Structure formats: C-alpha cells, structure tokens
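A.B. asks: Test case, fold it:
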Amino acid sequence: MENSAGKIYFPGLNGLRFLAASAVIITHIELLKQQVGLPSLWDEKKHPFFYNAGGLGVYFFFVLSGFLITYLLMAEKRKEGKISVRNFYLRRVFRIWPVYYLLVILAFFVFPHIHILRLDYFDKFLPEHFGVKLLLYLLILPNLALAMFHSVPHAGQAWSIGVEEQFYIVWPWIVRKTKNVLRTIIYLGIGIVIFKTGVLFICTYFPGHAWLEATKAFIAMTKIECMAIGGLGACIAFGDYKKIMEIIFNPIVQLISYAMLPILIFFTPPAIQDGEHLIYSLCFLVIIMNVAMNSKSFIKLENKSLNFLGNISYGMYMFHMFIVVLVLRIVPEFINVNNIVLVNFAYYGFTFALTIGFCTLSYYLYEKPFIRLKKKFSSILSGSDAIKKSS
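C.D. replies: Below is the predicted model:
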C-alpha cells in the first residue's frame, strides 16, 4: 500500500512470485526428464497439471507485472506531477538486463561446451542461424527468436522477458499521456484481442508459409492483454473504486477465482482454449488483489521466508533450466530410477535446493549492486525497499 512518503508495499506478492516461479520449474523438470530419456509426466492429456503449470506461472507474472508497473507509474504521476520515462527505463534496465544478458552469454557460449548439460534434441539446432538468434537475443527479442527457430538450450524461458520488455517500451507512455488510464486500458485491451484474433485467423487459414507460421507464434506469445488486465486492476485499486473492490474482495468471488484454476487445467473446453489465458488472467488478478490488499483474503503469504524467495524468484525463473538438467544427469547415477517415489523426490528436492542456493548467490553477489543503482532512479520506493525504509 502507498503512504505519504511515497513508499508502496503490497504484502504477500513475493510469496505469489515464488509460487509462480516454482510452477515453471515443475513443468520444466517433467519436460526435461522426457528430453534426457527419463520417465516423465509431460503429457497434456494424462497429466495436465504438470504440462500446464509453467504456462500458468508465466501468465501470472504477466498479470502481476501489469498490476505493479501501472500502480507504480500512477503513484509517480500523482506524487511528481509527471512520469520520468527515462528513469522508468533505467530502473527496468538495472533489474532485468544483468540476469538476462548473463544467461544469454552462458547459453550461447558456455553451456554448449559442458557435456553434462547437453540436450541432444535442442543442441543440434543451436548452430543453425546462430548469428541471427544471437542478434535477436542481444536485442531482447528472444520471443521472436523462439517464433522463428528452435529453442536455445537453457534459455528458451527468456521468451517471456522479451514480451515484458516490449510491454515496458510502450506502457509508461500510455500512463503518462492519458488522463483516464482505466478507460484507455479497456479500449487497448479490447483492441489487442481483436487484432490478435484477426492475425491468428489469417495465419491459420493460409498455412504453408514459414513467415506466417513465425508471425502466428510470435503474436500468440505476446500476451500484452494479460498485462492490460493487471493494469486494469491497478487502476481500480489506485482509483479507489470501492464498489468494484467490494466485488473483488467478496468471498464467493475469491472462491470462484481459486476454483477456476483446477477446472480450467483439467476440463478446458476446446472451444475456448485460444482464449483461456484471459480467464486465467482475470482469476490471477482477483487473487493478487486479495492477497495484497484484502485483510480477509483466503490466503496469507506474508512472511520472511517467502519474501526472501520472492526476491530471488527472477533468478530462479531464468537460471533453473541448466540446474534441472544437471540434477537429472547426476541423480540416476546414485538412485535407481525404478524407485519412482525416491528418484522423483531427489529430482525435485535437489533441483529446488540447488536453484535456490545458486540464485541466492546471484542475488547478493551479482544482482544487488544493480538493484542499488535502480533505487537511485526511483521516486517511489516499492517492494522490499519500501518495507526496509519503513522499518
């Protein structure tokens, strides 16, 4: 919540960040088990949770990003009378780029030379169009690279960073230039959905062209509408629309939002599959706003452990892939893979333990100096910075 000193802290959001990052890791453990020839639950029909959890985690991050960025921009606009787009970009650069570019360097130039991290299916495609893929990653267009070519080993998850960075390019200008941000976001969201539907329709009914297939994949990945839904929630919260907030905080609405997640995972009708991310996003928005702002929220996630894990969740999301492969290669050397319970306990336990350990080192030894630089360009303190300054 915002106070008079320009500090904003939403309790519980770090816990949600960690859960979303964990969902991505769970899906990738099962995907990579399949890639290295181990028994896997990577099956959309038989095990939809393991298949879909990662995608849901990414949708959640998109909604959360839209909510927080919009709220912070509106708070800056009210406090300063304007929005410094330059400072906004610098804050994003100092938080996102160091981890992103480190992963790019490792994925393109280091990991391919470490035998234990090799993934035969993906590695054979890495040399193809190497220069173009590298250029796209350096330009923070990994989503376009993924749409055009096969995934880069250990860096495929970076596609969502491309989507977020493209969102960041335009969003501060929208909030800065428009007087009625709520109305603008509604119109923009509807326009994006109509535009994407049209493009995907054209690409579907004129198959056979590689550039059309790449366009379809790129447009499908660009879930700006999820971020717009998050921004919509920020406008409602910031504008203090009490009647709408009462609906969002209603216990029945909360219950429906939580219940819809397993229902959609296990029973999504084929007719709405292309639009299910919108339903997920609305559910996630209700959950975010309740956890962060409702004293009667069903779920409370504010504690030191989850705050810490939420702080390192960006690193967990970006760096976990090579750790998963490392664990999947080493564990079968010591545990019989036929002992399903024990070996999966080892896969998951060691993956999370090593990921948390590695990302803790990354956060304190590598990311922290850049985060301190980021604060120099912040007129509104948020997240952990706000609560530390307040204590």
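
A.B. asks: Now do whichever strand or helix holds Arg78: which elements does it pack against?
C.D. replies: Using DSSP states H and E, Arg78 falls within helix 48-80. Where contact means 3 or more C-beta pairs under 8 Å, 6 or more residues apart in numbering; DSSP states H and E, helix 48-80 is packed against strand 7-8, helix 13-35, helix 159-177, helix 181-205, helix 224-238, helix 251-267, helix 276-293. Any C-beta I mention is one placed from the backbone N, CA and C, and that applies to glycine too.

A.B. asks: For those, give me CSV that also has mean neighbour count and mean pLDDT.
C.D. replies: Shown next, in CSV, are the helices and strands packed on helix 48-80 (neighbours: other C-beta atoms under 10 Å; pLDDT from 0 to 100):
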stretch, mean neighbour count, mean pLDDT
strand 7-8, 20, 86
helix 13-35, 22, 97
helix 159-177, 19, 96
helix 181-205, 15, 89
helix 224-238, 25, 96
helix 251-267, 14, 96
helix 276-293, 22, 97
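
A.B. asks: sorry, back to before: then the helix or strand following the helix holding Arg78 to PDB, C-alphas only?
C.D. replies: As assigned by DSSP H and E, the chain's next helix or strand after helix 48-80 is helix 85-105. These are the backbone C-alpha positions of helix 85-105, laid out as PDB (Å, rounded to 0.1, in the frame of the first residue of the first chain):
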ATOM      1  CA  VAL A  85      10.100   7.600 -18.800                       C
ATOM      2  CA  ARG A  86      13.900   7.800 -18.800                       C
ATOM      3  CA  ASN A  87      14.100   6.800 -15.100                       C
ATOM      4  CA  PHE A  88      11.500   4.100 -15.700                       C
ATOM      5  CA  TYR A  89      13.600   2.600 -18.500                       C
ATOM      6  CA  LEU A  90      16.700   2.800 -16.400                       C
ATOM      7  CA  ARG A  91      15.000   1.000 -13.400                       C
ATOM      8  CA  ARG A  92      14.000  -1.800 -15.800                       C
ATOM      9  CA  VAL A  93      17.500  -2.000 -17.300                       C
ATOM     10  CA  PHE A  94      19.200  -2.300 -13.900                       C
ATOM     11  CA  ARG A  95      16.800  -5.000 -12.700                       C
ATOM     12  CA  ILE A  96      16.200  -7.100 -15.900                       C
ATOM     13  CA  TRP A  97      19.300  -6.800 -18.100                       C
ATOM     14  CA  PRO A  98      22.100  -8.100 -15.800                       C
ATOM     15  CA  VAL A  99      20.500 -11.500 -15.300                       C
ATOM     16  CA  TYR A 100      19.100 -11.700 -18.800                       C
ATOM     17  CA  TYR A 101      22.500 -11.000 -20.500                       C
ATOM     18  CA  LEU A 102      24.400 -13.300 -18.200                       C
ATOM     19  CA  LEU A 103      22.000 -16.100 -19.200                       C
ATOM     20  CA  VAL A 104      22.500 -15.200 -22.900                       C
ATOM     21  CA  ILE A 105      26.200 -15.400 -22.600                       C
END
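
A.B. asks: For helix 85-105, list every residue counted as buried.
C.D. replies: Of the residues in helix 85-105, those buried under the neighbour-count criterion (16 or more other C-beta atoms under 10 Å) are 87-88, 90-96, 98-100, 102-104.
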